[in-house]
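Asker: Dropping the sequence and predicted coords here.
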Amino acid sequence: MDFRQLETFVEVVKLKSFSKAADKLYLTQPTITNHIQNLENELGTLLINRLGKNISATEAGTLLYKHALNIINMRDMAQFAIGSYKGKIQGHLNISSSSIPRQYVLPYILKEFSQKYPEITFSINDNDSRNVIENILSGVNDFGIVGAKFHSPHLDYIDLIEDELVVVAPSDKKYNLADKSTLDLDTILQENVILREKGSGSRLLFEKALKNSGVDLNKLNVVACIKDTATIKKFIELKTGISIISKRAIEREVELGLFKSYDIKNISLKRNFYFVYHKNRHLSPLGQAFRNFVIEYVSVNRNI
């Protein structure tokens, strides 16, 4: 079996698409089809169900998929070991992360990681915490960084750093909510509120805190649900409403006097960020190196 054919097969199964596999591998779609057909001819069995646009692995394909992952991983381990021996480590990291660590944590980590391993390249996928988990469980990604735990017997979570959500409002007389650092829930219920989208770790934490306080989310005057923090900050700046977002995301605006931040009385909105991976699927050697680097980095740099 050819490594290129196995890699093609793995990506088609992961992405459930010939065209997406072609884009990811920088190959033409006919080449992808040819790789799969050659593999099926060699093994004498159908590996992929092709029902219109619905792509799935056959029973034989499911069996091969598990072995193909191990074969590719063993090859990567060998390349990584030889690269380490020669003092030159190469590879590409595909990192799936929720928005706050993607914007305010990962850049610092990746700067240091790149200095240690200058031949490494990386890409960062922008997903909310729920989608990061779904991608790991489905095999699209090996690991990710999230701001909320989703229970699954197949996942391992490693604590990284602590984060805290705060109420954020413009520094404007209209939004002079209180001459102090803490608000009560009744004050928040009277304001227009901008929330993160469903599935984000920050929204899940806020919803849970409201529920524990006996407050229905529907009582909030929610004027918008927005996926990215940068857009939420722009709406706050334009005095569209207040929001509940990470303290890390608004440090600069608070220092410049653009925003004010508040805690909520009798409610804790602290959380952890987690490195999460599939416990039954071995990380690649590069993935393991990155995981170990992240753990070591945050243990030394708690203030990032």
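Answerer: Done, it's in. Numbers count the residues shown, from 1 in each chain.
Asker: Flag the helix or strand of the chain with the lowest per-element mean pLDDT.
Answerer: One helix or strand of the chain scores below all others by mean pLDDT, DSSP states H and E: helix 59-86, with a mean of 80.
Asker: which element follows that one toward the C-terminus?
Answerer: Using DSSP states H and E, the next helix or strand after helix 59-86 towards the C-terminus is strand 91-97.
Asker: Help me confirm that Lys279 comes into contact with Tyr157.
Answerer: No. Using Cβ atoms under 8 Å, Lys279 is not in contact with Tyr157, being 9.8 Å away. For every residue, glycine as well, the C-beta is placed using N, CA and C.
Asker: Surely Val132 and Gly147 touch.
Answerer: No. Using Cβ under 8 Å, Val132 is not in contact with Gly147; the gap is 9.4 Å.
Asker: buried ones in the helix or strand Glu112 falls within?
Answerer: Assigning secondary structure by DSSP H and E places Glu112 in helix 106-116. Using 16 or more other Cβ atoms under 10 Å as the test for burial, helix 106-116 gives 106, 109-110, 113.
Asker: Lys279 and Tyr157 - which one has more neighbours?
Answerer: Set side by side, Lys279 and Tyr157 show more neighbours around Tyr157, with 17 against 12, by other Cβ atoms under 10 Å.
Asker: Now name the helix or strand holding that one.
Answerer: Assigned by DSSP H and E, Tyr157 belongs to strand 155-170.
Asker: That strand: which residues count as buried?
Answerer: 155, 157-158, 160-161, 163, 165-170.
Asker: Can you tell me the closest non-neighbouring residue to Gly61?
Answerer: Counting by Cβ to Cβ, 6 or more residues apart in numbering, Gly61 lies nearest to Leu47, which is 3.8 Å off, once chain neighbours are set aside.
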